[in-house]
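**Student:** got a predicted structure plus its sequence, pasted below:
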Amino acid sequence: MRGAVRWGRRLAIGVAGLMGLMLVSGGSASDAHRIEWTWAEKKREAERPKEPLLPPLPTLPPTFERPKTDCRKLRCVALTFDDGPGPDTERLLDMLARAKAKATFFVIGLNAAQYPDVLLRVAEEGHEVGNHTQKHLQLTSEPDKAVDRELDATNRAIKSVLGFPPTLFRPPYGATDKRVERHARDDGMAVILWSVDTNDWENRDSGVVARRAVKGLRRGSIILMHDIHPTSVDAVPRILEAARRKGLTLASVSDVLAASEGVKKPKPGKKYLGR
Ligand code: NI
């Protein structure tokens, strides 16, 4: 009996609500019809078989190999871009493609997941991809568990797009120690720092950024930049042009180190700074 009373009350509230809605919206029979039609649509929508929310991620073919630059013959320098991919990365890729230049992208796992097709394009066009953690944490002050999580999650994000995990790692803020390097080694990654810092995150002036990078252009140097800043991307054509004039080839970090360190590939857990 109490149940029936409750239902009666609900019905009354429902009818009053519908009338109120009709009143607010002008109150005609056609409005009521429209409301019913929407309900019917919603029901049909709910009954429709569910499609997957996202299309499957694009990936590289399993046979893909990054084209190598022979830096023992050429005079190579490494441009590196951290913290992306982001909205300006494709514009940067266009610039690099026009100059036939190769670079290295140390990506944030969360950004890789947000821009999988950009990350795919980075690799497809022959650039190298490295791990720059999932959330840009300063790993030297994080417990082991967090370091593991940061490295693993980013490697998974990269692998889900490229089909293979990266072999290079750049710690955020360059904050590394023996413990962080051990974690990198366990995950098969060399620790890559830099020899030229453009400080482009601090100075958002493409002229200043270009000048600092150009000053550091020499065989074997590793130049630090960030492709999340439009001003840094704006500086790139001047850097590419200066490198061309100096007879330098822009190559990936692994190819640059292959010549300057005489290694086939950078050793997992070892720290490299460039010249
Ligand atoms: Ni960073």
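**Tutor:** Received it, and whenever you're ready, just let me know what you need. Worth saying up front: this structure is predicted, and the values here are computed from it rather than measured. Numbering: from 1, shown residues only.
**Student:** pLDDT value on the residue in the stretch 151-275 of the chain that the ion sits nearest to, please?
**Tutor:** When scored by CB to the ion, the stretch 151-275 of the chain has Pro172 as its residue closest to the ion, at 4.7 Å. Every residue, glycine included, has its C-beta placed from N, CA and C. We have a pLDDT of 98 for Pro172.
**Student:** hang on, it packs against His132?
**Tutor:** Yes: the pair Pro172 / His132 is scored as a contact, 6.4 Å apart, by CB atoms under 8 Å.
**Student:** more neighbours: the two, which one.
**Tutor:** When neighbours are counted by other CB atoms under 10 Å, His132 comes out ahead of the other of Pro172 and His132, with 27 against 19.
**Student:** returning to what we had before: excluding its backbone neighbours, what's nearest the residue of the stretch 151-275 of the chain closest to the ion?
**Tutor:** His136 (4.6 Å; CB to CB, 6 or more residues apart in numbering).
**Student:** just give the number of residues close to that neighbour.
**Tutor:** By other CB under 10 Å, the residues close to His136 number 17.
**Student:** cool, and Asp144?
**Tutor:** 12.
**Student:** wait, it touches Asp186, no?
**Tutor:** No: using CB under 8 Å, Asp144 is not in contact with Asp186, being 10.7 Å away.
**Student:** against which helices or strands is whichever helix or strand Leu119 is part of packed?
**Tutor:** Using DSSP states H and E, Leu119 sits in helix 116-124. Helices and strands touching helix 116-124, by 3 or more CB pairs under 8 Å, 6 or more residues apart in numbering; DSSP states H and E, are helix 89-98, strand 104-107, strand 128-131, helix 144-162.
**Student:** let's see 6 Å
**Tutor:** helix 89-98, helix 144-162 (3 or more CB pairs under 6 Å, 6 or more residues apart in numbering; DSSP states H and E).
**Student:** write out the residues of the stretch 1-150 of the chain neighbouring the ion.
**Tutor:** With the criterion set to CB under 5 Å from the ion, the stretch 1-150 of the chain comes near the ion through Asp82, Asp83.
**Student:** so where's the stretch 1-150 of the chain uncertain?
**Tutor:** Applying pLDDT under 70 to the stretch 1-150 of the chain flags the ranges 1-38, 49-57.
**Student:** and the helices in it?
**Tutor:** Assignment of helices within the stretch 1-150 of the chain using DSSP state H, counting those that start in this stretch yields the ranges 2-24, 29-47, 89-98, 109-114, 116-124, 144-162.
**Student:** for this structure, what's the longest strand?
**Tutor:** Across the chain, the longest stretch assigned as strand under DSSP state E is strand 76-82.
**Student:** what does that strand rub up against?
**Tutor:** Applying CB atoms under 6 Å, 6 or more residues apart in numbering, the contact partners of strand 76-82 are 103-106, 132, 217, 221-227, 248-251, 253, 256.
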